[in-house]
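Student: sequence unknown, structure follows:
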């Protein structure tokens, strides 16, 4: 990785969307709860497989679940019992 940082929107978007897996791990991190933040003195951590998470966005918000898979290539996180049904 280069040491210089660009403030260009174009370059930062390109860097984000073409990021390799080991950098996507860091980008796909999530904030911790108040209790965990106090316990570990850390605001956020990369998401991993058996984490307990609360969904904040979208149709399933305020649902809790366990992470079953972190699909870095598609920027997705699969959570137990959170699935969309087919329309037909």
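Tutor: Good, I have the coordinates. This structure is a prediction, so every number in the text was calculated from the model and none was measured.

Student: and the helices in the chain, which stretches?
Tutor: Along the chain, counting by DSSP state H, helices occupy 9-17, 21-27, 34-40.

Student: enumerate every residue touching the residue nearest the centre of the chain.
Tutor: The chain has residue 28 as the residue nearest its centroid, 3.2 Å off, counting by Cα atoms, centre = their mean. Contacts for residue 28 (Cβ atoms under 8 Å, 6 or more residues apart in numbering) come out as 46-47, 70, 72, 75, 77. The way it works is simple: take the backbone N, C-alpha and C, and place the C-beta from them, glycine included.

Student: looking at those, which has the most residues close by?
Tutor: residue 77 (20 neighbours; other Cβ atoms under 10 Å).

Student: isn't that one right up against residue 66?
Tutor: No: counting by Cβ atoms under 8 Å, residue 77 stays clear of residue 66, with 10.8 Å between them.

Student: what is in contact with those two at once?
Tutor: With Cβ under 8 Å, 6+ apart, residue 77 and residue 66 have common neighbours residue 53.

Student: pull the residues that contact stretch 52-64.
Tutor: 30, 47, 65-67, 77, 79, 82, 84.

Student: average pLDDT across that stretch?
Tutor: Over the span of stretch 52-64, the pLDDT mean works out to 94.

Student: which positions in it come out as buried?
Tutor: residue 53 (16 or more other Cβ atoms under 10 Å).

Student: ok, now which ones touch residue 72?
Tutor: Contacts of residue 72 (Cβ under 8 Å, 6+ apart): 21, 24-25, 28.

Student: pLDDT at it, what is it?
Tutor: Value for residue 72, per-residue pLDDT: 96.

Student: the one 4 residues further on too?
Tutor: The predicted local confidence for residue 76 comes out at a pLDDT of 95.

Student: what pairs with it across the strands?
Tutor: Per DSSP bridges, the residues bridged to residue 76 are residue 71.

Student: for it, the count of nearby residues, please.
Tutor: 11.

Student: can you check the one 4 residues further on too?
Tutor: For residue 80, the tally of surrounding residues (other Cβ under 10 Å) stands at 11.

Student: and it, its phi and psi?
Tutor: phi -50, psi 140 (degrees, to the nearest 10).
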